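>>> the following comprises the amino acid sequence and a computationally predicted model.
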Amino acid sequence: MDSLNIFIKSIFIENMIFAYFLGMCSYLAVSKSVKTAVGLGAAVIFVLGITVPVNYLLENYFLKAGALQWIDPSYADIDLSFLSFILFIAVIASMVQLVEMVVEKFSPALYGALGIFLPLIAVNCAILGGSLFMQERQYSTIGEATWFGLGSGVGWLLAIVAIAAIREKIRYSNIPAPLRGLGITFIITGLMGIAFMSFMGIKL
């Protein structure tokens with residue numbers, strides 16, 4: 001039940017876009033069509049679903065204070081937590097490179113549509129944010145960390161697909177010229193963020 005609660009909370013209550021506004025650059029740039037939004041969202045789910053549990057293992061068995069005592073009790077005083085950022089980013093960059101190669105091979109059209117924003121997942125703050133939130137919240141099992149990573153990815157996908165669908169519809173609306181494009185997108189994102197705040201009343 002705890003894993004299900006973590007999964008639901010990370011989608012709705014602690015949504016990366018609407019609660020923390022992480023990953024906004026890709027969210028705004030790739031949300032012009034639903035097709036590309038779904039492609040990028042799926043890539044983000046995969047990357048978060050892999051990197052958060054891998055970084056959980058790194059954190060708990062190599063980096064934090066006393067983590068190395070499973071090798072030898074004399075290592076109990078070693079604290080490598082200062083390496084967290086660089087190792088988390090290395091894992092993320094590796095997974096993004098794998099995703100980029102797979103998408104380029106099996107869906108060249110999607111690869112072309114995503115353009116520079118596919119490799120930029122590596123510096124998407126939502127991806128690093130997932131690992132840092134995992135580190136801060138100190139989940140007790142790798143299963144909880146995995147569900148958190150998957151839920152965060154699903155929440156990001158939900159946000160980018162929703163805004164892409166709205167942007168496709170409002171092309172045919174009579175929007176004042178100064179607000180067309182990013183202006184109205186920022187306003188809608190703010191309203192969606194306020195709407196998602198209603199989920200904070202859910203008790204899990």
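That came through, no problem. Numbering: from 1, shown residues only.
>>> the helix or strand bottoming out on mean pLDDT in the chain packs against which elements?
Sorting the helices and strands of the chain by mean pLDDT, DSSP states H and E puts helix 108-114 at the bottom, at a mean of 84. In terms of contacts (3 or more Cβ pairs under 8 Å, 6 or more residues apart in numbering; DSSP states H and E), helix 108-114 is packed against helix 34-58, helix 84-106. Placement of C-beta: from N, CA and C, glycine included.
>>> show me what counts as buried in that helix.
Using 16 or more other Cβ atoms under 10 Å as the burial criterion, the residues of helix 108-114 that qualify are 110-111, 113-114.
>>> could you name the residue of the protein that is farthest from its center?
Of all residues in the chain, S74 sits farthest from the chain's C-alpha centroid, using Cα atoms, centre = their mean; the distance is 37.3 Å.
>>> contacting residues for that residue?
Applying Cβ atoms under 8 Å, 6 or more residues apart in numbering, one finds that S74 lies in contact with no residue.
>>> so what pLDDT did it get?
Predicted confidence (pLDDT) at S74: the value is 89.
>>> likewise for the one 5 residues further on?
D79 is assigned a pLDDT of 92 by the prediction.
>>> number of residues surrounding it?
13 (other Cβ atoms under 10 Å).
>>> which SS class is it?
Counting by DSSP: H, G, I helix; E, B strand; the rest coil, the backbone at D79 sits in coil.
>>> for M200, same thing?
Counting by three-state DSSP, the backbone at M200 sits in helix.
>>> ok, back up a step: quick check: next helix or strand after the least confident helix or strand of the chain?
Downstream of helix 108-114, the next assigned helix or strand under DSSP states H and E is helix 125-137.
>>> list the helices and strands the top helix by length along the chain packs on?
In the chain, assigned by DSSP state H, the helix with the most residues is helix 142-170. With contacts defined as 3+ Cβ pairs under 8 Å, 6+ apart, the packing partners of helix 142-170 are helix 2-8, helix 24-29, helix 34-58, helix 125-137, helix 182-196.
>>> go ahead and confirm E144 touches D2.
Yes. Look at E144 against D2 with Cβ atoms under 8 Å: they come within range, at 6.4 Å.
>>> out of those two, which sits in the more crowded spot?
Using other Cβ under 10 Å as the criterion, E144 and D2 rank with E144 on top: 20 against 13.
>>> turn the helices and strands packed on helix 108-114 into CSV, columns for distance to I13 and mean neighbour count.
Formatted as CSV, the entries for those read as follows, by distance: least, Cβ to Cβ, whole Å; neighbours: other Cβ atoms under 10 Å:
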stretch, distance to I13, mean neighbour count
helix 34-58, 17, 22
helix 84-106, 24, 16
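>>> how about those helices, which one is nearest G149?
Evaluated with Cβ to Cβ, these place helix 34-58 nearest to G149, the distance being 3.0 Å.
>>> tell me how far V99 lies from G130.
As defined by Cβ to Cβ, to the nearest Å, V99 lies at a distance of 15 Å from G130.
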